[in-house]
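S.K.: Quick one, structure for this:
(chains A, B and C)
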Amino acid sequence: MPEDKWEPKILAFCCNWCSYAGADAAGLERRQVPPTIRVIRVMCSGRIDPAFVILGLLEGADAVLVTGCHIGDCHYVNANNQTRNRYEFLKEFVDELGLEPERLWLRWISASEGLLFAEMVREVTEKIREIGPSPLRRDWKK
Amino acid sequence: MKVISSICPGCSIGCGLYLLESEEGEGKRIKILHRKNSAVNEGKLCEFGTHLHVYYGREALNNTADGREVEQNDAIEEAKKRLYGMKPEELAFIALPGTVTNEEILSFASLASEFRCENISFGFERFFREIPEEASYIIERGLPFSEVEKASRIILFFVDPFVHYPLLARRILKAKKKGAKVVEVAFAKNERGIADETVLVEPTAVAGIKEKKEIFENSLIIGELTPYTNLQFLELMMWLNASTASRLFLLKPFLNVTGAFLFGCGYFSKRKKDLFEIIDGIEREEIRALYLLETDLAGAMLGGEEVTKTISKLDLLIEQNAYRTVLSDTATITLRSEPFFMKKGTIVNIEGRVLELGGESEKGLQVMENMGKGRSYEEVHEEVKKRLGLPTLNEFVIAIKREERSFDMAEPKIESEIEGAEGEGYFLWYKTNPFFWCGVRNKNFVEISPAALRKLGLFRGDEVEIVQGERREKMGFKISELPPNLILAESKLSIKPFKGLLTGVEMRRADIKNKKIEKFL
Amino acid sequence: MPRYYLAWAKDERIREKGANGGFVTATLVSALETGFIDAALVVEKKSVYEGIPVLTSNPEVVKECAGSLHGAPINLTKYVVDYGAKKRIGLPTKPCDARGIIEQAKRRQVNLDNIVMIGLNCGGTLHPLRMREMAADFFGFDPDAVVKEEIKEGKICLVSKEEGMGEKEKWVKIDALEQKGYGRRDACKSCVTKIPTSADLACGNWGSNDTQKTFVEVLTEKGEAILKNAIESGYVEIEEAPGEGIEKRKQIEAGMQRLAEDWKERMDEVSALSRSERLEFYVDALKNCIGCGACKEVCPVCACEAGAKCLDMNDARDSYVVSMYNMLRIFHLMDSCIGCGECEDVCPVDIPLTLIHRRFSERMQRHLGYTPGMDVKERPPLYETELRWSAEE
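M.R.: Numbering: from 1, shown residues only, chains lettered A, B, ... in the order given. Alright, predicted model coming up:
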């Protein structure tokens, strides 16, 4: 890939039991997933501290995806309810900070929804291509 | 719960604050209360000031003689006896004026004269030797911050206010808001973008700035003067000041530097031995006895290990301090004084305000007076007030004013800019700051350029090794927009003191494999 | 028992020294003398421009500290946390002190059972050095000669006493001062909590028809107990508040709140900016941060100590456009910022933190329907598993 061509870098947090398995399923089903995504597996989406998302944005991720089990399906009773709460905070935070709301996503994906995962990544990638690189990213002079 | 009005000993700005001392719970606890009515800083403090409890929480020094703990009076008598046993030219007195009051400086100077000793240093004597007398006011006196706020054009001469003197930064920002133009002359652009214009100077060609002297016209030049400042560098600043219609404001690292100039080491002291010359004298064994007043000599100096080694050649080392220092174990006699915040007395800050300390202890002064003349605190304090020409003290008044004078200055030669630079080396530049001198906490990293990062193939979590001959130092790094070969350090490294402007070093990626194994084993 | 009273100190000296009949001082003194509290946390006056918090069990010290002090904007919350752990303490609280203490109680840093908050209605405080400038520029006084200060009915009064000149008194409208950039602190100008409804009592001159009587609202059982204690021990006398007084107090409060909303809009330079300009504004303002940590230290809401996330996840070696410290502090205060402005007061590089925190927290708090520092039973929403509104969906 030529160096000057910008490609989105998308950071995805996936929970071990649903969305990570969903991503796996996408592979097993041989679905095309754009190579823009970097996955970090966590045991539960409830483990995703908002600080991780903010850190990801500061590190230069063009978008951050928070994914987990559907509400009610959490492996740890109801921890993803907390994820939803924190997402509300993050949404307001990102918006007020002056970043485009499209840089933050929350999706519930179950282990069998490989198609949904692939589609989501495609959708996010397209959206980010539209709005361009993150203004929080720092490029160092050569 | 006791409330003490105090002054931060971090740098020459002298921020006002309150210390709350409470004895509830486990032992004494010190808490900082921001003093919003302080004329100097409006209650604001930098990182050093907000962590003063760490500074004051260090291990206290005991009264000892030949390594044995003794009563203070016995220690004083012993010190007196041994000092009288020395020839005057074998004696030396050093006080870096970080935590010493005007009263103590006065007493220290008269103690030295009591022993007919000429070698008394407050760290800045050598600078007076090379400059014309009319220009000495620039070293001796600072400017009120209101002048900074009023300035229409400010030149930051190799000074990053956010790091060197954080409480100055807001004054510059205020000036900027009022429409002042801020120009920085530096090796690299300030990360925070405080300047409207940046004049970049090549590390290898500092003399080039002489050709651009028109940018200094009608401006306030802000520079820094430390005991380490290169003499040619000072001459360059003074020459720029003399040959343009500008004013030069030199900030200094020690709190009571202005007081030291007034009472101890002004222009009149230019023939006296300087800090470095005294250390040389000890090395050559010409000086055999040293009296250190509240000075962590090895800790405050670059290449402290070498200083420690030199000091061990002394026959007599008397250390008067509130806290233990690197040299305390080697000292023949140690005399305990109270921590700075407990002292009674006055200091003069860089603006020329005479500030009063809220403590009650006269111990430090009494130690010196008992060894010498034996005056009371009141007598010394009266003399200070008389010499300052002030019947009453008011922190809102600039008591020590400075008058601008014109003077002639020969164009300085800038030579040997980089010491020890060979081949494709790197240049090290120390960004001094309150922590740098007081050494409570070290920032364990250096700033390097993105180019160096790429060249050395560094990754996050890696460390770099900085090498100068035999010395090497491993530390973390931070990337900044710097010229490829520049390294900035905010903390003291074991790298040799620089006599040139910059110090030439080598840098490589540290082998951290071993470290990982250590961790896992 | 009705909730509104007019009250005053029986002791004439307290009445003279304290504001509006010296009710607050008398209540604290009586509580100390009868053992209702172990110690009082009061602000000792050093000059009109300066006060320092002292914890004392000596009623005489409390008497000395009587009277209002508008030029010493200190938030007492962190002192309550530090010194009030084992003792029962009573203290006068501005609305922001009371809200801070409630927030600390939510975070289990203080035990509210041990604390009696005698709330003071508050129109705002002034920064001492701005007050000095004001005395010189607006009043024509020598700042060092000012001996007394008072705020009443939208006017500020300074009394100056110079040698051989006698006393001079001058009243100036606060509004006129503030139009020219003097006057109250920014945080106070935009504060809408004028009556400390989360304290145990709320006292002030609003609604009182007599300058020697304080209007008191009893808010909790503890408040009622301390008032009863003061009456029974013979320090305080009360009468029922007249209906028009209650009405007038409400009107004053509403008027001041309207003014605060006005100021909020006027001082908000960010609202006119576009999204990308907004980011630029925040980055520009926060990049000056030197990482001293003072804002966290004084923050009345923040309860984390050395291992706080904002310190732990911040590395001085990072070169992000905005430091992790600032991002996390803003994020963690979104639901809890009470807008007291202490952080801006101590910021060594004058970052407009009051504005920044208000921008972030106000929209979040509106979205959550949550006001911090009001009810100790409400947990900070960030810690909740289920948010109220998500349960309603």
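
S.K.: surely B:I154 meets B:V185?
M.R.: No: B:I154 lies out of contact with B:V185 (C-beta atoms under 8 Å); the separation is 11.1 Å. To be clear about C-beta, it is placed using only N, CA and C from the backbone, and glycine gets the same treatment.

S.K.: Looking only at neighbour counts, state which of those two leads.
M.R.: B:I154 (26 against 23; other C-beta atoms under 10 Å in any protein chain shown).

S.K.: can the helix or strand hosting the more buried one be found next to chain C?
M.R.: Secondary structure from DSSP states H and E places B:I154 in strand B:153-157. No: Strand B:153-157 lies out of reach of chain C by C-beta under 8 Å from any C-beta of the partner chain, never closer than 14.5 Å.

S.K.: Walk me through the domains of chain C.
M.R.: Chain C resolves into domains spanning C:4-121+C:193-263, C:128-183, C:268-392 when parsed by automatic domain parsing.

S.K.: Pick the most deeply packed of these.
M.R.: domain C:4-121+C:193-263 (a mean of 21; mean count of other C-beta atoms under 10 Å in any protein chain shown).

S.K.: who touches stretch C:273-293?
M.R.: When contacts are defined by C-beta atoms under 8 Å, 6 or more residues apart in numbering or on different chains, stretch C:273-293 is touched by residues A:96-100, A:135-136, B:45-47, B:49-51, B:162-163, B:166, B:169, B:173, B:191-194, C:269-270, C:311, C:314, C:316, C:321-323, C:325-326, C:348-352, C:356.

S.K.: Need the residues that contact the helix or strand hosting C:I156.
M.R.: Using DSSP H and E, C:I156 falls within strand C:155-162. If you take C-beta under 8 Å, 6+ apart as the criterion, strand C:155-162 is touched by C:70, C:135, C:139, C:141-142, C:145-151, C:167-174, C:177, C:183.

S.K.: same check, this time on stretch A:117-126
M.R.: With C-beta under 8 Å, 6+ apart, stretch A:117-126 has contacts from A:8, A:10, A:12, A:19, A:22-23, A:25-26, A:31-34, A:36-37, A:63, A:65, A:67, A:102, A:105, A:107, A:109.

S.K.: Let's see that with 7 Å instead.
M.R.: A:8, A:10, A:19, A:22-23, A:26, A:31-34, A:36-37, A:63, A:65, A:105, A:107, A:109 (C-beta atoms under 7 Å, 6 or more residues apart in numbering or on different chains).

S.K.: for stretch B:155-165, same thing?
M.R.: Against stretch B:155-165 from outside (C-beta under 7 Å, 6+ apart): B:11, B:13, B:168-169, B:172, B:182-186, B:190, B:192, B:194-195, B:216, B:219-224, B:237, B:251, B:431-433, B:490, C:290.

S.K.: I'd like to know how far the spatially closest residue to B:T226 that is not a sequence neighbour sits from B:K212.
M.R.: Spatial nearest neighbour of B:T226, excluding adjacent residues (C-beta to C-beta, 6 or more residues apart in numbering or on different chains): B:P253 at 5.2 Å. For B:P253, the distance to B:K212 equals 28 Å [C-beta to C-beta, to the nearest Å].

S.K.: and those two? which has more neighbours close in?
M.R.: Just comparing B:P253 and B:K212: by other C-beta under 10 Å the higher neighbour count belongs to B:P253, 26 against 12.

S.K.: didn't that one look like it was pressed against B:P227?
M.R.: No: in this structure, B:P253 is not within contact of B:P227 by C-beta atoms under 7 Å, at 8.2 Å.

S.K.: Pull the contacting residues for residue 63.
M.R.: Since no chain was named, I'll use chain A. A:8, A:10, A:102-103, A:105, A:124, A:128.

S.K.: Actually, chain C is the one I wanted.
M.R.: C:14, C:17, C:25, C:29.

S.K.: let's see it at 6 Å
M.R.: Taking C-beta atoms under 6 Å, 6 or more residues apart in numbering or on different chains, we find C:K63 in contact with no residue.

S.K.: same check, this time on the one 5 residues further on
M.R.: Taking C-beta under 6 Å, 6+ apart as the criterion, C:S68 is in contact with C:A19.

S.K.: now swap in B:L248 and tell me
M.R.: Contacts of B:L248 (C-beta under 6 Å, 6+ apart): B:138, B:221, B:237, B:241.

S.K.: Relative to the strand or helix carrying it, what are the paired strands and their orientations?
M.R.: For B:L248, the host element (DSSP H and E) is strand B:247-251. Here strand B:247-251 has these sheet partners by DSSP bridges: strand B:220-224 (parallel).

S.K.: Now do the following helix or strand past the strand it pairs with: everything it contacts.
M.R.: Next along the chain after strand B:220-224, taking DSSP H and E as the criterion, comes helix B:231-242. With C-beta under 6 Å, 6+ apart as the test, helix B:231-242 has contacts from B:127, B:130, B:135, B:213, B:216, B:223, B:248, B:407, B:409, B:411-412, B:414, B:501.

S.K.: Would you indicate which residues of helix B:231-242 are buried?
M.R.: By neighbour count on 16 or more other C-beta atoms under 10 Å in any protein chain shown, the buried set for helix B:231-242 is B:232-242.

S.K.: same thing with stretch A:118-127?
M.R.: For stretch A:118-127, by 16+ other C-beta under 10 Å, it's A:118, A:120-122, A:124-125, A:127.
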